[in-house]
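Peer 1: I'd like to go over a predicted model; first the sequence, then the structure.
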Amino acid sequence: METVTKDEFYIRYEEYLQRVIDGAIFVYPTDTIYGLGCNAMHSQAVKKLKEIKGRPSKMPFSIIAPSKEWVIENCDMDEKIQEWLDQLPGPITLILNLKNKNCVCQEVLGDNGTIGIRIPKHWIRGFVRQMGVPIVTTSVNESGKRPMMSPDEIESSIKPKVNFLIDEGALNGNPSKIVHLEGEKPMFQERKK
């Protein structure tokens, strides 16, 4: 696994952008905790990510959306959802109904036609915006284990399966708050640390 600082990442920005588009699995900082991700349109990369996580094939992933415009274009919207979307960027994951099932590969989705949307209050969102496609966002751990808060904590079982890690030091955040907006009323779900 290649480790780069934020400065090193920016020096070779175009190279890393292309690597993610082409299917690289990478670890990146956010406004909450470190994320493990890949291009959400790249079927083989998402399958590999599920294997790394030890995640059941039917369990969906959340994504970092390239923009609010992308969310409006690809998800069912109403006034209630727009109010929550206006609160982004921030440490919130919005669970929305998809109207365009082709905006991510099928391996990202569960059976119920919803998707978790994040737009972090962090420089990584500019990277995703520049890519123009969403990236998968999930905690850096095997399913059921504690999320990684520092690059030093990455599990030895995950390291050889990741192409690169962007090291921003230890993060003090908590996993994002989940807001279910696929029903009539918002429902809140706190993630486990």
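Peer 2: Okay, I see it. Numbers count the residues shown, from 1 in each chain.
Peer 1: And the helix of greatest length in the chain, what's buried?
Peer 2: Using DSSP state H to define each element, the chain has its longest helix at helix 43-53. Judged by neighbour count using 16 or more other CB atoms under 10 Å, the buried positions of helix 43-53 are 45-46, 48-50, 52-53. No exception for glycine: its C-beta is placed from N, CA and C like everyone else's.
Peer 1: repeat for stretch 51-69
Peer 2: Buried, per 16+ other CB under 10 Å, within stretch 51-69: 52-53, 55, 60-66.
Peer 1: and that stretch, average pLDDT?
Peer 2: For stretch 51-69, mean pLDDT is 89.
Peer 1: doesn't Y34 make contact with A170?
Peer 2: No - assessed by CB atoms under 8 Å, A170 is found out of contact with Y34, at 9.7 Å.
Peer 1: any residues in contact with both of those two?
Peer 2: Counting by CB atoms under 8 Å, 6 or more residues apart in numbering, the shared contacts of A170 and Y34 are 149-150.
Peer 1: neighbour-wise, which of those two wins?
Peer 2: Of the pair A170 and Y34, Y34 is the one with more neighbours under other CB atoms under 10 Å, namely 26 against 12.
Peer 1: Count the neighbours of L165 for me.
Peer 2: Other residues near L165 come to 23 when the count uses other CB under 10 Å.
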